[in-house]
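Participant: Sequence and predicted model, in that order:
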Amino acid sequence: MSESPVCNLCRHADTEWYCRKDGIDVVRCRYCGLIFAATLQKNEDLIKHYSDDYFEPYLKTQSVHLKKRFKKRIQEIKQVVFPGRLLDVGCGAGFFLKLAEDIGYTAEGVELSQYAAKYARSRLGLHIFQGELGDACFAPRSFDIITLWHILEHVRDPRNFLTQVEALLKEDGLLAMEVPNIGSTVARMAGAHWELMAPKEHFYYFDAKTLKQYLEESGFKVIRMQTFIWTTPAMIFRAKAASRNGLSRFLLYSLVALAWCLSFIRFRNLPASITGDVLTVYAVKKGGTV
């Protein structure tokens, strides 16, 4: 790279190479430590990317998302704010929104994908705005809860996006979110083979420090941060095996079989002493009483 890209978090343009995947360089800011894709996909390319082919595998695993992630999250949110008006940004096919609506929240969603938004409306009967959050024209301070489940890493300008989110929350509003955790042991060990390293769609890679800095500078106070395991050892070995040949490939696939017994740890919240490769964060607007 002839010129360092500007960091979205600290605005410096001094980066070092981290890895390369899918033909895209991923770099680390030398000032704040944020890791991000050196080249960001254009909006029109993203819209094409989030097609039915993108969402079909997700729809096939809806039971996993509902039972192992979304049900836990909605119960955690209910402990802090209930009832209320909830907005799920990047709601996908609407499975989380449906759970929220079923337990008594007034639930609405925003989704970029036309395919996913149509599914959520027609199959689940949900209120979905199809497009960008900034185009939805929601009134300021009109939501009690906003959720961002694996959305911030997809956004081209996280700083501006979080400012928009903050403006839509009431003074005592709650922000709940998840992002891949580049600071985890799994992410560091796997490198470019980490399943959540996907620079064609995941533009930014946060750890606890950089995500907290983003939130605090956007007007939020973190009240809870926890992690869980997304990428199991078997998934790492399988990804590495796919790029090898001969005996090395055979040995790695053998490790896949041996490590499969650890798959039960996926999606489980972890104690503070163990850092998983997904961060779940709850934050309130500064000055909020939640």
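Facilitator: Thanks, I have it.
Participant: what are the ranges of the strands in the stretch 151-290 of the chain?
Facilitator: With DSSP state E, counting those that start in this stretch, the ranges of strands along the stretch 151-290 of the chain come out as 169-180, 204-205, 220-228, 278-285.
Participant: Can I get those strands in TSV including mean pLDDT?
Facilitator: As requested, these are exported to TSV (pLDDT from 0 to 100):
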stretch	mean pLDDT
strand 169-180	96
strand 204-205	98
strand 220-228	93
strand 278-285	95
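Participant: quick one, which of the ones you listed is nearest to Pro158?
Facilitator: Closest of the strands of the stretch 151-290 of the chain to Pro158 is strand 204-205, at 5.8 Å (criterion: C-beta to C-beta). C-beta: built from backbone N, CA, C; applies to glycine.
Participant: residue ranges of the helices in the stretch 151-290 of the chain, please?
Facilitator: 158-168, 185-190, 208-217, 233-242, 246-259 (DSSP state H, counting those that start in this stretch).
Participant: Could you tell me the least trusted of those?
Facilitator: Least confident of the helices of the stretch 151-290 of the chain, judged by mean pLDDT, is helix 246-259 with a mean of 54.
Participant: could you pull out the helices for the stretch 1-150 of the chain?
Facilitator: 43-49, 52-60, 62-65, 71-80, 95-102, 114-124.
Participant: any idea which of these is most buried?
Facilitator: helix 95-102 (a mean of 21; mean count of other C-beta atoms under 10 Å).
Participant: who's in contact with that helix?
Facilitator: 62, 65-66, 70-71, 73-74, 77, 86, 88, 91, 107-109, 120, 124, 126, 128, 147, 149 (C-beta atoms under 8 Å, 6 or more residues apart in numbering).
Participant: Could you report the separation of Val278 from Asp207?
Facilitator: 12 Å (C-beta to C-beta, to the nearest Å).
Participant: what touches both of these two?
Facilitator: Shared contacts of Val278 and Asp207, defined by C-beta under 8 Å, 6+ apart, are found at Asn181.
Participant: Mind checking which of the two has more residues around it?
Facilitator: Applying other C-beta atoms under 10 Å to Val278 and Asp207 shows that Val278 carries more neighbours, namely 22 against 19.
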